[in-house]
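Q: okay, predicted coordinates and the sequence, questions at the end:
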Amino acid sequence: MTIRSADLSSTNASGWTILVRLLVGFVFLPEGIQKLAFPDLLGTGRFAKIGIHFPDLMGPFVGVVETVCGLLIIIGFFTRLAAIPLIIIIIMIVALISTKLPILLGHDVGMFHLTSDIKRTGFWSMMHEARADLTMLLGCIYLAIVGAGPWSVDGLRKE
C-alpha cells in the first residue's frame with residue numbers, strides 16, 4: 001500500500017474548516033516560536049523542570065514541530081499530515097501525560113514532576129489546566145480526519 005501526496009491533501013470538509021485550522025494553528029505556531037525564543041522559560045528549561053528526558057534535545061525539537069506544523073495547518077498545506085505529530089508527540093505525551101497527570105494525582109508520576117506553580121490538585125484542577133490541551137487535541141483529530149477544506153493550499157491543489 002502506497003500513500004500518495006493526493007491522499008494526504010484530500011479533503012471533503014466544509015470551507016468553514018478554516019476556523020478550526022486557525023484555532024489550532026494560531027495556538028501551535030506562537031507556542032513553538034516561544035519554545036525556541038525563550039528556551040529557559042518555555043522550552044528546554046520547562047522540559048527539565050517537569051522531568052522530560054533529554055530536555056536539551058526535546059525542547060527545540062518540540063518547538064520546531066509546533067512551529068512548522070502550526071504554520072502548515074494555518075495555510076492548509078498537508079494538514080492531515082501536520083496534525084499527526086501534534087496529536088502524538090506534542091499533545092498526548094508532553095502536554096497531557098507529563099503535565100496534567102501529576103495535577104490529577106497530586107504528586108509526581110514516574111519521571112514527570114508536579115510543578116511548584118500549581119496551587120491546587122485533583123480532577124477539577126487537572127480539567128482547568130488541560131482545557132487548552134483537550135481543545136487542541138480534538139481540533140487536531142478533526143483536521144486529521146477531514147483535512148483542510150476547500151479554502152486552503154490543499155483545496156487549491158485539488159482543483
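A: Good, I have the coordinates.

Q: OK, contacts around His113?
A: With contact taken as CB atoms under 8 Å, 6 or more residues apart in numbering, His113 is in contact with 49-51, 102. Every residue, glycine included, has its C-beta placed from N, CA and C.

Q: Ile33 against Leu71, yeah?
A: No. The criterion here is CB atoms under 8 Å, and Ile33 misses it with Leu71 at 9.8 Å.

Q: phi first, then psi, for Val109.
A: Taking degrees, to the nearest 10, you get phi -130, psi 110 for the backbone angles of Val109.

Q: show me what contacts it?
A: Counted by CB under 8 Å, 6+ apart, Val109 has contacts 101-102.

Q: got it, and Asp154?
A: Here Asp154 is in contact with 9-11, 76-79, 147-148 (CB under 8 Å, 6+ apart).

Q: and what of Leu29?
A: Under the criterion of CB under 8 Å, 6+ apart, the contact list for Leu29 reads 66-67, 70-71, 74.
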